[in-house]
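1. build me a structure from this.
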Amino acid sequence: QVHLVESGGGLVQAGGSLRLSCASSGGTISLYKIGWFRQAPGKEREFVSAIRRSTDTYYAVSVKGRFTISRDYAKNMVYLQMNSLKAEDTAVYYCAAGTTALADSSAEYDNWGQGTQVTVSS
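-> As a prediction, this is how the structure comes out:
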C-alpha cells in the first residue's frame with residue numbers, strides 16, 4: 001500500500017509556474033493510477049489530472065494545455081507541472097492512488113496524500 005506525500009506548493013504570481021511532486025514512502029507508485037485533485041475554500045474537491053499505469057493521461061478542461069502530469073519511474077514519483085497559473089488555480093492540491101480504470105472520480109482512489117497549498121496572486 002502506498003503512503004503518498006505531496007510537495008512543491010507555494011505562492012506564485014499569476015502567469016507563473018510550479019511543479020508539484022507526489023512521492024510514495026511505501027509501495028511502488030508506478031503500479032497505481034495517480035490522480036491530482038484540488039479543493040478551494042468553500043468548494044468541492046475537483047479532478048485536475050491523472051496518469052494511468054499505461055501512462056495515458058487525463059486533464060480537466062480548465063487546466064488542459066497549461067498543466068502536465070508525468071511519471072519518473074526511477075524516482076518513484078509523479079509530477080504535476082503547472083504553467084500559466086491563474087488566481088482560480090488557488091487550492092489545496094492532493095495526489096491520490098487508485099487501481100480502477102476510471103480516472104476523474106475521487107471515489108475511484110483509495111489512498112490520499114495530505115495535500116499541498118498552491119496560492120496564485122493576481
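
2. neighbours of residue 15, how many?
-> Neighbour count of residue 15, defined by other C-beta atoms under 10 Å: 11. The way it works is simple: take the backbone N, C-alpha and C, and place the C-beta from them, glycine included.

3. spatially central residue for this structure, please.
-> For the chain, the residue nearest the mean C-alpha position is residue 36 (2.6 Å; C-alpha atoms, centre = their mean).

4. in the sheet, who's paired with residue 6?
-> Counting by DSSP bridges, residue 6 forms beta bridges with residue 22.

5. that older thread, so the residue nearest to the centre of the chain sits in a strand?
-> Yes: using DSSP: H, G, I helix; E, B strand; the rest coil, the assignment for residue 36 is a strand.

6. tell me the contacts of it?
-> 20, 22, 47-50, 69, 80, 93-96 (C-beta atoms under 8 Å, 6 or more residues apart in numbering).

7. which of those residues tops the neighbour count?
-> Most surrounded of the contacts of residue 36: other C-beta under 10 Å gives residue 95, at 33 neighbours.
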